[in-house]
Each structure stands twice: as structure tokens, then as C-alpha cells.
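Student: Turn this into a structure:
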Amino acid sequence: MSKRLSTTFACLLLCGLLAMPAAQAAAADGKTSKTAASQAAPANENLPRIAILGTGGTIADSSGAATRLAGSKTADLTAEQLIAAVPGLKDFARISTEQVANINSHEMTTKLWLKLANRANELLSGDTDGIVVTHGTDTMEETAYFLNLTVKSPKPLVMVGAMRPPMSLGADGPLNLLQAVAVAGSKDARGKGTLLVMNGEINGAREVTKTNTQQPETFRSYDMGFLGYVVDNVPDFYRTSLRKHSTDSEFDVSGLATLPKVEIVYTYVDAGLGAVKGVVADKPDGIVVAGMGDGSIAPSMLGILRDAAAQGIAIVRSSRAGTGKIKYDAREGDDVGFVASDSLNPQKARVLLMLALTKTKDPKELRRIFATY
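Tutor: Now for the predicted structure:
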């Protein structure tokens, strides 16, 4: 029975593969391949126009056996091939596809973030009603938060991926993709910033984080909770994020080729100083500290980071705990300009600090920004 199920899905996928062999052009160098997915474009002109931007990830991994339940290092399927393998998708939207990259998300770069943000702004300023970005799950929360702060449109932008590859018996990608398109085409999703849709749940970009290495329900918004469900492929929202995003964001990356350099250092019992000394010596624009508990920093590291702040390096205190709010604490360096991360985890605090440093290095202004976004 399991062999027949696997063969059925493989046939659906193979149809997509054979129908568009030329679509493999996109690669990890970030060159964009634009294709019109005519086979998925319905005649109904009342349906929303949705652009799917492919970047790779497990959702695009064609390798492996039916019993393999985790992604490998392959991300070779294009966005056009993915939609060809999802029956009924044409009933939800008029779809076009573009391939921005075919990489696993641990290979994601800030250069590709800038490319995604600029392309999304371009598309949403025209007749595109919403965007879906297919993405690996490892860094999806970081890309989502970056787009949440840099895409200046009330139109929906939805991140989607998969924890299990397409050939797996437990493949979650096809349904995730269908539901992401349904959310991206919904008027109820407007004005809510970048969303992450997987496992039938809608999460906001600011709060969501990956919490499990293997399970499909990996994405959680622990402190605030998710925004809504997708039930019978219809989004149902219960709340929205009150922190500024999208059209209310002050960040403009349209003229940027690079972002400020920000590193993360980790604190722990008897923390060695070699790593933090090396980071400071590399002269980054900013450092985020994954502190203990309420953003506490090992005493041996604190003096080095105070000296770094005196050199003009922005220091933000976050926590390795994963939930909770970091507040001002003079004992932990805030008296010399360190900035508390509010409730952002270290990786998201890094995203916000990179964008904040395109505007200011003033600690007071940085504190305002972290309290706002």
C-alpha cells in the first residue's frame, strides 16, 4: 500500500518535471528565472494574481526514498515544478512563478534577502495581489522577519516550506503550498505583514521560530501565539501583530547592495574569550549577545563588550532562553549604550540591528527602534 501511495505522488511530481525541463535554470548564485505558469493559470479573471518566488529548501528536494522523512542537501525543483504537482491549485489563484535561487536555507545570504525584498516590492506595486516565497525551514524565520520590515505593501506576503521532502510518504509541502496560496490571495491577510503558513497554522513573522529539528509542527510563536488557522483551505484570523511592519516600517533597502555586518556571540558557564575577542577584532558594525536568562552576560565577557561599545560597535542583549522580554539593565552594560532586544530572539535581533544600523548608531535611537519593531 505504501509503495502505491509513493508511486501516485511520484507520478504527480514527474508530470511537473517533464512538463517544464527548462525551468532548472535558477541556481544558488541568485540569478532570477521568470516563467509564466500557464498550466496553472485559470480562466477565472476574478481570482487573485499570486506570484510564487522560489528559493529552494526541503519543499524543493526531489531526492531520496519514500521512507526518508527529512530533507537532504538537494534543492533542485523549481517553483513551477512544485505548483504542477499540487492538484486544484489553479482554483485558488492565477499564478506566476520566478526562481530566485535553488538552495538549502542554511545557505541563505543577506544579498539574497535584498534581492527578494526588492523584487517583492516591485511585484506588489503592480497588479500582483500577493506573494508566496518557498523557502527552507532552517532560516525561514529570519528571512520572514527581514521581509516583514522591508516590503512596503499591505498586500499579503507568505512564507512556506516543508519539513518532509516531496517523495516522502509524509510529504507536507503540497498542502502547505496550497494553503499558502489561499492565504496570500485572501483579503483578510492584507495589512498583517509577512506571514508564515505551514501545518495549517498562520504565524506572524516577528514572533515565529523553528522549535523542532524534524516534526512538521516545528514553527511556533510561544509568547504571543499564532495568528490563525487555515481550515478547509480558508484562512481564519484571530489576532494580529501590533508591532510596526511593512507600510509602517522606516527601513528602505531599495538602494542597498549590502547590509551592516552584525555577529552573534553566545554566553555560558566559564565562557571562553577567544570567540568574542575574535568577533570584536573583526570590527563588525554590531554584536548581538545571546545572553543567559534575562540577557545576562558572563562577567569575563562583559568587559570586552564594554570596550567594544566604546569603539563604536553597537551591542544588543538578547537571550538564549527563547521566550520572554529583555529590559534595560545598567549592570549588564546598558549604562554604556548596550540595547535590550525586547522579546526578539538573537537571530531576529540581528536582523533588526542590521536594518537599524542603516539609519543610526545612536543607542537612544536603537532603543526606540527595538521598542517599535
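Student: Quick check: the gap between residue 183 and residue 99.
Tutor: Remark: distance between residue 183 and residue 99 (CB to CB, to the nearest Å) = 22 Å. No exception for glycine: its C-beta is placed from N, CA and C like everyone else's.
Student: can you check residue 323 too?
Tutor: For residue 323, the distance to residue 99 equals 36 Å [CB to CB].
Student: just the strands in the stretch 1-150 of the chain please.
Tutor: 33-35, 49-56, 94-103, 130-134 (DSSP state E, counting those that start in this stretch).
Student: nearest to residue 148, of these?
Tutor: Comparing the strands of the stretch 1-150 of the chain against residue 148 with CB to CB, the closest turns out to be strand 130-134 (11.7 Å).
Student: Against which helices or strands is the closest one packed?
Tutor: strand 49-56, helix 110-124, strand 157-160, helix 173-184 (3 or more CB pairs under 8 Å, 6 or more residues apart in numbering; DSSP states H and E).
Student: Return the most buried member of those.
Tutor: Greatest average neighbour count among these goes to strand 157-160 (a mean of 28), per mean count of other CB atoms under 10 Å.
Student: centre of the chain versus it, how much separation?
Tutor: Strand 157-160 sits 8 Å away from the centroid of its parent chain (CA atoms, centre = their mean, to the nearest Å).
Student: cool, and stretch 53-71?
Tutor: The answer for stretch 53-71 is 18 Å, by CA atoms, centre = their mean.
Student: tell me the mean pLDDT over stretch 353-360?
Tutor: Taken as a whole, stretch 353-360 has a mean pLDDT of 98.
Student: List the contacts of that stretch.
Tutor: 110, 146, 149-150, 250-251, 253, 256, 259-260, 262, 285-286, 288, 314, 316, 365-366, 369-370 (CB atoms under 8 Å, 6 or more residues apart in numbering).
Student: in it, what counts as buried?
Tutor: 353-358 (16 or more other CB atoms under 10 Å).
Student: Restrict that stretch to CA atoms and write it as PDB.
Tutor: Coordinates of each C-alpha in stretch 353-360 appear next as PDB, following Å, rounded to 0.1, in the frame of the first residue of the first chain:
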ATOM      1  CA  LEU A 353      20.000  45.600  14.200                       C
ATOM      2  CA  MET A 354      21.400  45.300  10.700                       C
ATOM      3  CA  LEU A 355      18.500  47.400   9.400                       C
ATOM      4  CA  ALA A 356      18.700  49.800  12.300                       C
ATOM      5  CA  LEU A 357      22.300  50.400  11.600                       C
ATOM      6  CA  THR A 358      21.500  51.600   8.100                       C
ATOM      7  CA  LYS A 359      19.900  54.600   9.800                       C
ATOM      8  CA  THR A 360      21.700  55.200  13.100                       C
END
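Student: tell me how far it is from the chain's mean position?
Tutor: In terms of CA atoms, centre = their mean, the gap separating the centre of stretch 353-360 from the centre of its chain is 19 Å.
Student: what's the answer for stretch 334-343, then?
Tutor: Mean C-alpha position of stretch 334-343 versus that of the full chain (CA atoms, centre = their mean) differs by 25 Å.
Student: what is the mean pLDDT for that stretch?
Tutor: 98.
Student: circling back: output the helices and strands packed on strand 130-134 as JSON lines; include the columns distance to residue 66.
Tutor: Formatted as JSON lines, the helices and strands packed on strand 130-134 follow (distance: least, CB to CB, whole Å):
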{"stretch": "strand 49-56", "distance to residue 66": "21"}
{"stretch": "helix 110-124", "distance to residue 66": "31"}
{"stretch": "strand 157-160", "distance to residue 66": "22"}
{"stretch": "helix 173-184", "distance to residue 66": "14"}
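Student: okay, those in CSV with distance to residue 86 and mean pLDDT next?
Tutor: Formatted as CSV, the helices and strands packed on strand 130-134 follow (distance: least, CB to CB, whole Å; pLDDT from 0 to 100):
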stretch, distance to residue 86, mean pLDDT
strand 49-56, 11, 98
helix 110-124, 21, 98
strand 157-160, 11, 98
helix 173-184, 5, 98
